[in-house]
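S.K.: Mind folding the following:
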Amino acid sequence: MTTSPAIDFAHVAYGIGDLSAEFSFARAPGTVTAILGPSGAGKSTLLNLAAGFLTPRSGEIRIEGRRVNDLPPSERGISMVFQDNNLFAHLDIRTNIGIGLDPALRLDASAWAQVEAALDRVGLPGFGRRMPSTLSGGERQRVALARAFARRRPLLLLDEPFDGLGPGLAADMLGLMLDIRAEVGATVLMVTHDPDEARAAADEVLFIHKGRIAADDPAQGFFERRDLPDLEAYLGRQSGN
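M.R.: The predicted structure is shown next:
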């Protein structure tokens, strides 16, 4: 029995001219992929195409074998964690997580218990009635991970979620994300500008340059490559040295 890729981009094109992007890749279920590249290369474009926030002009996107080009984000089986954690400032923490389960908040006692369990899982028991403004940056990011954990979707998209956190806290959050991913069984696409994050977390790497996938390889040994001038420039190394 053949398992469908968790996500499959087949000649997915977006934009026109110098602002165009085109991506083809597939990922097996349960893998973690780091998406690297210089600013403006198209990393977030790829993630937003997967999420459904952008619509491709051609090509096909499949998630677990299902074509999703015309589906809204809510119907794609994804969770997404943003750099700014995307919390509603006027809603308390439990409501922010509950909206991830049902935007209309039609939640029964079991669902609210799921929210509390997610807060426990990320180390924030009893925080449900707190407001986002009372939390530190690291705590807000824990809430964003709690929402992803509660949703338990098969595809987890991360857009530089730990950028701006100190190195120690970022490493803690990365470890928590990997633990949650393993418990949920999710496939992860993670945009990052930090090669160390990619080394620590990823099974595979997509290196994006000028709207194209310049490299798609296993993470092991990837950063030791010396045959890609664009990667050398991105890493600040002089090619050939």
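S.K.: And the longest helix seen in the chain, what's buried?
M.R.: In the chain, taking DSSP state H as the definition, the longest helix is helix 167-184. For helix 167-184, burial by neighbour count (16 or more other Cβ atoms under 10 Å) applies to A170, A171, D172, M173, L174, L176, M177, I180, R181, V184. Backbone N, C-alpha and C define where each C-beta goes, glycine included.
S.K.: What helices and strands are in contact with it?
M.R.: helix 137-151, strand 155-159, helix 195-201 (3 or more Cβ pairs under 8 Å, 6 or more residues apart in numbering; DSSP states H and E).
S.K.: So what touches it?
M.R.: 32, 81, 121-123, 138, 141-142, 145, 148-149, 152-153, 156, 158, 161-162, 165, 186, 188, 194, 197, 200-201 (Cβ atoms under 8 Å, 6 or more residues apart in numbering).
S.K.: CA atoms of the following helix or strand past it as PDB?
M.R.: Next helix or strand after helix 167-184 toward the C-terminus (DSSP states H and E): strand 187-191. Output in PDB follows, covering the C-alpha atoms of strand 187-191 (Å, rounded to 0.1, in the frame of the first residue of the first chain):
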ATOM      1  CA  THR A 187       4.400  16.900   9.000                       C
ATOM      2  CA  VAL A 188       6.300  20.300   9.500                       C
ATOM      3  CA  LEU A 189       7.300  23.000   7.000                       C
ATOM      4  CA  MET A 190       9.400  25.600   8.900                       C
ATOM      5  CA  VAL A 191      10.600  28.800   7.500                       C
END
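S.K.: and strand 187-191, what's its mean pLDDT?
M.R.: When pLDDT is averaged along strand 187-191, the result is 94.
S.K.: strand partners of that strand, parallel vs antiparallel please.
M.R.: strand 32-36 (parallel), strand 155-159 (parallel) (DSSP bridges).
S.K.: hmm, who's touching the last one?
M.R.: Outside strand 155-159, the residues that touch it by Cβ under 8 Å, 6+ apart are 6-7, 44, 47, 50-51, 63, 76-83, 148, 177, 181, 184, 186-192.
S.K.: Distance from the worst-scoring helix or strand of the chain on mean pLDDT to the middle of the chain?
M.R.: One helix or strand of the chain scores below all others by mean pLDDT, DSSP states H and E: helix 167-184, with a mean of 83. Distance, stretch centre to chain centre, for helix 167-184: 12 Å (Cα atoms, centre = their mean, to the nearest Å).
S.K.: Got the phi and psi for the closest residue to T33 other than its chain neighbours?
M.R.: Leaving aside its sequence neighbours, T33 sits nearest to E204 (Cβ to Cβ, 6 or more residues apart in numbering; 4.8 Å). When read as degrees, to the nearest 10, the backbone of E204 gives phi -140, psi 160.
S.K.: what's around E204, how many residues?
M.R.: 20 (other Cβ atoms under 10 Å).
S.K.: so who does A118 touch?
M.R.: The neighbours of A118, taking Cβ under 8 Å, 6+ apart as the test, are I97, A146, R147, F149, A150.
S.K.: quick one on the thing from earlier: and of the strands paired with strand 187-191, who's closest to A104?
M.R.: strand 155-159 (22.8 Å; Cβ to Cβ).
S.K.: what angle separates the closest one from helix 167-184?
M.R.: Orientation check (axes from the mean of the first three to the mean of the last three Cα atoms, to 10 degrees): strand 155-159 against helix 167-184 gives 170 degrees.
S.K.: returning to what we had before: need the strands paired with strand 187-191 in a markdown table (columns: distance to H90 and mean pLDDT).
M.R.: Putting these into a markdown table (distance: least, Cβ to Cβ, whole Å; pLDDT from 0 to 100) gives the following:
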| stretch | distance to H90 | mean pLDDT |
| --- | --- | --- |
| strand 32-36 | 32 | 95 |
| strand 155-159 | 23 | 92 |
